[in-house]
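Visitor: show me how the following folds:
(2 chains)
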2 protein chains.
Amino acid sequence: MIETLSPKKELEDLQADLREVQELLGRHRLVEHLVERQEMPKHELVESLVHRQNVAELRAKLDSMHPADIAYVLESLPLEERLVVWNLVKAERDGEILLQASDAVRETLIRSMDLQELVAAAEQLEADEIADLAPDLPEGVIHDVFQALPVEEREQLRAAMSYPEDAVGALMDFDVVSVREDTAIETVTRYLRRFDALPHHTDQIFVVDRDERLKGVLPLSKLIVSELEHNVGKVMVSDVVTLQSGDKAQDAAQAFERYDLVSAPVVDEQGKLIGRVTVDKVVDFIRSKSESELLTQAGLREEEDVFSSVWASVKNRWSWLAINLVTAIFASRVIGAFEHSIEKLVALAALMPIVAGIGGNSGNQTITLIVRSIALGQVQREHAKKLLAKELGVSLLNGLIWGSALGLIAYWLYQKVSLGLVMTAAMTLNLALSATAGVLIPLTMMRLGRDPALGSSVMITAITDSGGFFIFLGLATLFLV
Amino acid sequence: MIETLSPKKELEDLQADLREVQELLGRHRLVEHLVERQEMPKHELVESLVHRQNVAELRAKLDSMHPADIAYVLESLPLEERLVVWNLVKAERDGEILLQASDAVRETLIRSMDLQELVAAAEQLEADEIADLAPDLPEGVIHDVFQALPVEEREQLRAAMSYPEDAVGALMDFDVVSVREDTAIETVTRYLRRFDALPHHTDQIFVVDRDERLKGVLPLSKLIVSELEHNVGKVMVSDVVTLQSGDKAQDAAQAFERYDLVSAPVVDEQGKLIGRVTVDKVVDFIRSKSESELLTQAGLREEEDVFSSVWASVKNRWSWLAINLVTAIFASRVIGAFEHSIEKLVALAALMPIVAGIGGNSGNQTITLIVRSIALGQVQREHAKKLLAKELGVSLLNGLIWGSALGLIAYWLYQKVSLGLVMTAAMTLNLALSATAGVLIPLTMMRLGRDPALGSSVMITAITDSGGFFIFLGLATLFLV
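Guide: Model prediction:
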């Protein structure tokens, strides 16, 4: 019978495993605790039959699990229990699991290992995988691993480590299978049959000339349906999406999405084949990119281990709070400048946060849309006027609708027609301000070559807060006080 | 020579194409404009040599482009120009392009087509693709397409349309190649060679028994390296990630990510093979899901065509603004309750938005982390206490740091020690409130079986705004006024 692993069942299994591990850990701790109270010497605990049995059970459980699943279990465990589990994992799987764990959790695992263990873990991996771990590893580890590698892999590791994180080179691996154009299909199939297994995600093999220059690709699905006596050159596809190691990873991801690729060759400036990118790396890239966007929008510097210490969390979050504090103090000083008016008409104090809040909300809608369209390459500089006109139109219409509603509410609350009118006017003006800033900030960032997403939400909120207070209190001072 | 298409060059090419199309459209319009001014009858315009030449050029350009690239060009064009380009695209590619276009842009394209064109477009597609378009198509189209399909595909379409959008069934296609367990590898290769081409993303063929029940899979990379005389049963992999059509698409995406899959079989309750899911669909799903998260966070109901009309945009954005208005009015009424205190000490009006703002920011950090960990399945209900303790710790520490800083600033601005102390206390309390709400809201949503992400940002901001005003003004009323 086939073992049907539906993802839902997978998840349930994992959670059951997790509970089992936690239970075993609990028993483990219970034994430790008893030993402690009876002041039994430590070595007796280690010898204790119960303890050994539990540890063996736990180890067997872990040995049967996929490295990605172990990484998931480690991520779902509070730090102390996480390290107990980590120490029970077979050493030869350390490298694989470190690769699969999230950055924040990986850091805690690496911190618990000594130099020797880390070198051993890294040596199990391929050059491109070691390069992925490298930023988190202590200096000495990389040096030792370097010495231990054969020359070819050493070169690959050097190359892989030289690419910036957002370049195609950082997604690339070196597992390419290549053949010559003038080979017969039959020879190719015989050649391939000598492999124990083709590299993962091999949906095509690469066709190169004598100088390793890429001439085309031969998809396996095409190889399989080709006549055996034909030559590779006759069957291969030469119109192929090809990456360069220095290309932006973001662009490569878009090409994978747009053309539904499983793998793509990477060439150097001379057109020589140096590696390939596979869709699993692209999926990881897309996921981590979208996650960092979400985190940035919420004002988090980087991914956070939910079980990390209070102090680590404070450090991760402080920079954004500090910026927010400065903008809030600025907005507060804008209000301060109108204290005289508020003293005379205290209703202003109650109404002003509404103007600022709705403006911020509307501005965030605009800036999110524009940032997204820039990222997709749909918006060019020449569209600025058209977009500004549209967003101003939206904000004026919204200003009339919501501004009037609020004006009526203000009138109803305070029985002052003039206050209602000022409210409506301030809402409309602040929405127009938010639309203008929402279009111009990202377009300006793009023109300056910066990432339009970075800090966009903070900036727009700062503008609509201070601007909203200024417009509302200013109008009120002019017409009401 | 190989045609090297780096994604960067792709994008530049596309943008050049786009400019070219726009230029041609410009000329086209210029001619139209001249014709209009000279009141030349419309049919003479169509006959005009210049016009015909431009249109031919444009059409040739479009014919040479990949459907995904045409969709991109259409998305990057304002509505009027978009429809001109759309009318020039070869009719037999309409279906492909509609599939690739974003929801908002697809709608504008479909609205420009008549029933007959739509039926023709749909008929070019496979059952699972028609089902993807179905929600956007007028009722009559689906009916006509249904009539025109052969029985087997009709059944497939019926099945594909029956799955909810977030189920595996909605990602599934029916392009499965299957063989029996007792077939020799050589027979399989001969069988496959009879195909013109294998279905896209065929990295494995499926092994089924007489009743179409899935027994295992045969990866092509394994098929290629296997001895010809072996049987499929000997070579096949039987421990395989298998989906059910009713599983959550989200879970399937996680399985693809975790186990680096290219395709996965889909079975029914009896274990019969009914289709497969491929990684390109999963990538699209992940992308659209992360986009809708970003949009929801910014308060947009759905994806918006940046060039859509003012009215369409207002409709897309109004619901969130309305909710925001209600929460803002509530917060305003909280302030209203303390108008008496503000009248006595107007500094309160200037300082209160700081307390509310920082609380909102901190609460959004907490809730984003918790929502994300829930989505990854890392957080269970039993972690609630641990997480709450940690987040409260973070908020107290932040309250001491930032609260003290603000207390000092308040003292410096208004020369009142008691005002500074109230500021510090209010900040600390509001941060604690934001941490509590940030942990409890998503955990409660999870317990109720709701999506914890939905509206989380609005809710937390509403709580920290009203809460912040209440705490600060309340403390001030007790101790200062």
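
Visitor: gap between residue A:100 and residue A:70?
Guide: Applying CB to CB, to the nearest Å, the value for residue A:100 to residue A:70 is 8 Å. All C-beta atoms are positioned from the backbone trio N, CA, C, and that covers glycine.

Visitor: please enumerate the strands of chain A.
Guide: Listed in chain order, the strands of chain A (DSSP state E) span A:3-5, A:178-180, A:204-208, A:214-219, A:239-241, A:243-244, A:263-267, A:273-278.

Visitor: show me where pLDDT drops low in chain A?
Guide: A:1-15, A:18, A:25, A:27-54 (pLDDT under 70).

Visitor: quick one, domains of it?
Guide: According to automatic domain parsing, chain A comprises the domains A:11-166, A:178-284, A:310-479.

Visitor: centre of the chain to the first one, how far?
Guide: Spelled out, that is domain A:11-166. Centre-to-centre, domain A:11-166 and its host chain are 22 Å apart (CA atoms, centre = their mean, to the nearest Å).

Visitor: contact residues of the stretch 51-200 of chain A facing chain B?
Guide: Residues of the stretch 51-200 of chain A lying close to chain B by CB under 8 Å from any CB of the partner chain are A:66, A:68-69, A:72, A:75-76, A:78, A:100, A:189, A:192-198, A:200.

Visitor: quick one, what contacts the closest residue to residue A:469 other than its chain neighbours?
Guide: Taking CB to CB, 6 or more residues apart in numbering or on different chains, and ignoring the residues beside it in sequence, residue A:469 has residue A:334 as its nearest neighbour in space, at 4.7 Å. By CB atoms under 8 Å, 6 or more residues apart in numbering or on different chains, the contact set of residue A:334 is A:466, A:469, A:470, A:473.

Visitor: so the first one makes contact with residue A:328?
Guide: No - no contact is recorded between residue A:466 and residue A:328 when judged using CB atoms under 8 Å, the distance being 9.5 Å.

Visitor: neighbour-wise, which of those two wins?
Guide: Ranked by neighbour count (other CB atoms under 10 Å in any protein chain shown), residue A:466 and residue A:328 place residue A:328 first, with 25 against 19.

Visitor: state the distance from that one to residue B:353.
Guide: For residue A:328, the distance to residue B:353 equals 7 Å [CB to CB].

Visitor: cool, and residue A:455?
Guide: According to CB to CB, residue A:455 and residue B:353 sit 20 Å apart.

Visitor: tell me which of these two has more neighbours.
Guide: More crowded of residue A:455 and residue B:353, by other CB under 10 Å: residue B:353, with 26 against 18.

Visitor: residue A:100 and residue A:70: which has the busier surroundings?
Guide: residue A:70 (24 against 19).

Visitor: check contacts around the closest residue to that one other than its chain neighbours.
Guide: Leaving aside its sequence neighbours, residue A:70 sits nearest to residue A:97 (CB to CB, 6+ apart; 5.2 Å). Residue A:97 makes contact with A:67, A:70, A:71, A:74, A:89, A:109 under the criterion CB under 8 Å, 6+ apart.

Visitor: burial of the nearest residue in space to residue A:233 that is not next to it in sequence, as a residue count?
Guide: Closest residue to residue A:233 apart from its sequence neighbours, by CB to CB, 6+ apart: residue A:181 at 4.0 Å. The local packing of residue A:181 (other CB under 10 Å) involves 17 other residues.

Visitor: ditto for residue A:362
Guide: Residue A:362 has 31 neighbouring residues, counting by other CB under 10 Å.

Visitor: what about it, distance to residue B:346?
Guide: Distance of residue A:362 to residue B:346, computed by CB to CB: 29 Å.

Visitor: burial measure for residue A:176, as a count.
Guide: Residue A:176 has 20 neighbours, counted by other CB under 10 Å.

Visitor: if we can go back for a sec, wait, which of the contacts of residue A:334 is closest to residue A:170?
Guide: Using CB to CB, residue A:466 comes nearest to residue A:170 of the contacts of residue A:334, at 40.1 Å.

Visitor: which ones are touching the closest residue in space to the closest one that isn't next to it in sequence?
Guide: Nearest non-adjacent residue to residue A:466, counting by CB to CB, 6+ apart: residue A:331, 4.5 Å away. Neighbouring residues of residue A:331 by CB under 8 Å, 6+ apart: A:356, A:462, A:465, A:466, A:469, B:353, B:354, B:357.
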